[in-house]
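**Student:** Predicted structure and sequence below. I'll ask about it afterward.
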Protein chains: 2
Amino acid sequence: MIIRTPNDLGALIRDRRIKLGLDQISLAKRAGTSRKWLVEVEHGKPRAAIGLILRTLRALDVSLKVNDGSKSRGIEHFSPSVDIDEHLDRLRKKP
Amino acid sequence: MIIRTPNDLGALIRDRRIKLGLDQISLAKRAGTSRKWLVEVEHGKPRAAIGLILRTLRALDVSLKVNDGSKSRGIEHFSPSVDIDEHLDRLRKKP
DNA sequence: TAGCGATGTCACCGATCGATTACTTGCGAA
DNA sequence: TTCGCAAGTAATCGATCGGTGACATCGCTA
């Protein structure tokens, strides 16, 4: 499962919670947070704190890893032109 | 690379940024955020907003995926006792 | 060593957070 | 259909956020 948006993450947390047979109160307690926060995060709250999210994932015995697929190779091809454009912009700003 | 803490994430963002030859201003601009925020996130800011973090990762052409290794299998073994303990606690609270 | 670009830090501001408590609504089993 | 549990939502509060602009410090190259 790829995580690209807060909604993806919320769905993951809910899915895992249900699979473990936990209710929101139990997971919130394990994660050291509030049920209210968990409700919001499960619905994709974009401004939820990363530290609490990672703690919640740990409470679900889940961690995340970097998804380095074909996209990563794509970066290598595009990298030179990206650098040049960025630095030309920066130079133009300098009088 | 496994992401378990805000520091892990901050290190990933910095590492990728440098590999792409970007400075903080350029990446902040691409991610639609401020340089200040990026500085803090790169240093492991635990209360940074998940939505901004995921956007920043996208600007680096990185996504995250769920790390389902031996830990995942471990959950299956421990799951029954965990459920029982949680629900016994909940029952004891009910008069 | 000097200079310059990059990174680190500060002050300020309106917006939002996360926790607590309580009430409302939804869902599934009997 | 009814009931009970779980999930959804609201009010309140002190803490912190993220952005802007400016200054301080660091690191690297000539």
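**Tutor:** Done, it's in. These numbers come from a predicted model, not from an experiment. Numbers count the residues shown, from 1 in each chain, chains lettered A, B, ... in the order given.

**Student:** Quick check: neighbours of the biggest strand by length in chain A in the sheet, parallel or antiparallel?
**Tutor:** The strand of greatest length in chain A, counted in residues with DSSP state E as the criterion, is given as strand A:63-67. Take DSSP bridges as the rule and strand A:63-67 pairs in its sheet with strand B:2-3 (antiparallel), strand B:63-67 (antiparallel).

**Student:** what's next to the shortest one, contact-wise?
**Tutor:** Contact with strand B:2-3 is made by A:54, A:63, A:64, A:65, A:66, B:8, B:9, B:12, B:64, B:67, as judged by CB atoms under 8 Å, 6 or more residues apart in numbering or on different chains. C-beta: built from backbone N, CA, C; applies to glycine.

**Student:** of the residues you listed, closest to DNA strand D?
**Tutor:** Minimum separation from DNA strand D among the contacts of strand B:2-3 (CB to the nearest atom of the strand) is found for residue B:9, which lies at 12.7 Å.

**Student:** rewinding a little: most packed of the strands paired with strand A:63-67?
**Tutor:** Mean neighbour count, computed with mean count of other CB atoms under 10 Å in any protein chain shown, is highest for strand B:63-67 among the strands paired with strand A:63-67, reaching a mean of 19.

**Student:** Okay, now the unreliable bits of chain A?
**Tutor:** The model of chain A has pLDDT under 70 over residues A:69-95.

**Student:** Residue numbers of it in contact with DNA strand C?
**Tutor:** With CB under 7 Å from any atom of the strand as the criterion, chain A comes near DNA strand C at residues A:32-37, A:40, A:45-49, A:52, A:90, A:94.

**Student:** so which pair among those residues is furthest apart in space?
**Tutor:** When the residues of chain A next to DNA strand C are compared pair by pair using CB to CB, the farthest-apart members prove to be A:35 and A:94, with a separation of 52.3 Å.
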